[in-house]
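Enquirer: What would the 3D arrangement of this be:
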Amino acid sequence: MITDGGTDSMQTRDVYRGTDGDTILYIIRFGVIRPNFEQKLYFSQWHFDSVLMHGTDMKRKITLAVKLRVTIPSTAVVEQKPTDGVADTLIVETSMPLQAEVLELYVREPGAGTVKTIKGARDITQYLEG
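Expert: Here you go, the predicted structure:
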């Protein structure tokens, strides 16, 4: 388990997360990502492709992942350990939302052999709302 020893410093990390389009739009609009009911957030540290399985969007009939820049407060507990299907999982345990910026969107459309990358909040919002 990794903690920062109780200092007041915050850590900024670029991470990947599979999630639906409405959640991505929420992150863009409000600049935060909220922990689950266990007060945890799960990310991939290095790869978007391993988290696409968590990004099924039934409304849009696509699979999504995002690259996020998150700010992790010094009060959070950070753990690096493999989880099912994601070897480079980063788990952040906190009761507070993390500041987050959506940098890139990865889209796998039905039957597509490749993943489309969309960069920037404006273009991502247009794609998801279009």
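Enquirer: only C-alpha atoms for contact and neighbour calcs from this point on.
Expert: Will do.
Enquirer: Show me the contact partners of the lowest-mean-pLDDT helix or strand in the chain.
Expert: The helix or strand of the chain with the lowest confidence, counting by mean pLDDT, DSSP states H and E, is strand 56-57 at a mean of 93. If you take CA atoms under 8 Å, 6 or more residues apart in numbering as the criterion, strand 56-57 is touched by Gly18, Thr19, Asp20, Gly21, Ile62, Thr63, Leu64.
Enquirer: Just give me how far that strand sits from the chain centre.
Expert: In terms of CA atoms, centre = their mean, to the nearest Å, the centre of strand 56-57 is found 14 Å from the chain centre.
Enquirer: for the residue positioned nearest the centre of the chain, what are its contacts?
Expert: Nearest to the mean C-alpha position of the chain, counting by CA atoms, centre = their mean, stands Arg17 at 3.0 Å. By CA under 8 Å, 6+ apart, Arg17 lies in contact with Tyr42, Phe43, Ser44, Phe48, Val51, Leu52, His54, Gly55, Ala65, Val66, Lys67, Leu68.
Enquirer: In the contacts of strand 56-57, find the pair that's most separated.
Expert: Using CA to CA, the pair of these lying farthest apart is Gly18 and Ile62, separated by 11.5 Å.
Enquirer: Please identify which of those two sits among more neighbours.
Expert: Gly18 (27 against 18; other CA atoms under 10 Å).
Enquirer: quick one: the more buried one from Ile28, how far?
Expert: Note on Gly18: its distance to Ile28, by CA to CA, to the nearest Å, is 15 Å.
Enquirer: List buried residues within the contacts of Arg17.
Expert: Buried members of the contacts of Arg17, counted by 16 or more other CA atoms under 10 Å: Tyr42, Phe43, Ser44, Phe48, Val51, Leu52, Gly55, Ala65, Val66, Lys67, Leu68.
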